[in-house]
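Novice: let's see this in three dimensions:
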Amino acid sequence: MENRKTALITGGSRGIGRAICLELAKEGMDIVFSYQKGAGEAEETALLCREYGVRVLPLQADVAKPEDCSILVQKALEFSENQIDVLVNNAGITRDNLLLRMSDDQFQQVIDTNLTGTFYMMREVSKTMLKKRKGRIINISSVVGIKGNPGQVNYAASKAGVIGMTKSLARELAARKITVNAIAPGMIETDMTKALPQNAREEIINSIPMKIMGQPQDIAKAVAFLAGEGGQYITGQVLSVDGGLAI
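Specialist: Got it, this is the predicted structure:
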């Protein structure tokens, strides 16, 4: 129990977030994860994680609110006896629209959750990691933050911003043996992509060099690598997990 690690994952109730929770639980880490809505899905994630014999704490929080982030980290520290070893910033939303039709709220909501929420969480967790002189921060960006996408000016801005913050914070924390990296998923099979019309799915798949969509587990395994021993000398990097889409 002395070497037990704790991972804090935002947006962990379903999709990529759930896969990350399960993969890190499989690695033996205790899991704290946030969700904004969907208590039933959150409890299902918690039950699945507990099957690996780890402790799990689901917490409802909106990462766009600094007070929620502060409380989330405080409760995670109480749960873990004052230690957060891994932070995964996964919570994110989309409000897609063409720029000329995009409202102020559509733009700001995406920035507030995806970019500012990541900032709040990194700021809170960095405090405890600096005291411990160790830690791993992994931010979930997107291929859209690298190459852009029509109808997603807000989302692309938020995910490109995450990459910039990742590289900057990596420089700030490296001397304290804290790594900060980003993962940029491509088109991943989630509830959102499954709901696409067949012709839209085929068009997306044809644009991917590997000609297949990724699975949430592909992202989760990349997170586990960066969070594990293999990632101890990697910082400030962006790992594209996209089947070649960003090439």
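
Novice: all strands of the chain, in order?
Specialist: In the chain, the strands defined using DSSP state E lie at 6-9, 30-35, 56-60, 86-89, 135-140, 178-185, 238-241.

Novice: for the chain, what helix or strand is lowest in average pLDDT?
Specialist: Here the helix or strand of the chain ranked lowest by mean pLDDT, DSSP states H and E is helix 191-194, holding a mean of 77.

Novice: ok now it, how far from the chain's centre?
Specialist: In terms of C-alpha atoms, centre = their mean, to the nearest Å, the centre of helix 191-194 is found 18 Å from the chain centre.

Novice: and if you look at stretch 196-205?
Specialist: Relative to the centre of its chain, stretch 196-205 is centred 25 Å away, using C-alpha atoms, centre = their mean.

Novice: of all the residues in it, which ones are buried?
Specialist: Buried residues in stretch 196-205, counted by 16 or more other C-beta atoms under 10 Å: Arg201. (C-beta placed from N, C-alpha, C; glycine too.)

Novice: ok, stretch 52-68 next?
Specialist: For stretch 52-68, the neighbour count (16+ other C-beta under 10 Å) marks 52, 54-59, 61-65, 68 as buried.

Novice: format those as a markdown table; extra columns: distance to Lys159 and pLDDT.
Specialist: Formatted as a markdown table, the buried residues of stretch 52-68 follow (distance: C-beta to C-beta, whole Å; pLDDT from 0 to 100):
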| residue | distance to Lys159 | pLDDT |
| --- | --- | --- |
| Tyr52 | 30 | 98 |
| Val54 | 30 | 98 |
| Arg55 | 32 | 98 |
| Val56 | 28 | 98 |
| Leu57 | 28 | 98 |
| Pro58 | 25 | 98 |
| Leu59 | 24 | 98 |
| Ala61 | 21 | 98 |
| Asp62 | 19 | 98 |
| Val63 | 15 | 98 |
| Ala64 | 15 | 98 |
| Lys65 | 20 | 98 |
| Asp68 | 21 | 98 |
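
Novice: just give me the closest of those to Gly236.
Specialist: Of all the buried residues of stretch 52-68, Gly236 sits closest to Val63, with 22.5 Å by C-beta to C-beta.

Novice: tell me the contacts of the residue nearest to the closest one when sequence neighbours are not counted?
Specialist: Of all residues beyond its chain neighbours, the one nearest Val63 is Gly117 (3.2 Å), with distances taken as C-beta to C-beta, 6 or more residues apart in numbering. By C-beta atoms under 8 Å, 6 or more residues apart in numbering, the residues touching Gly117 are Thr10, Val63, Ala64, Cys69, Asn89, Ala91.
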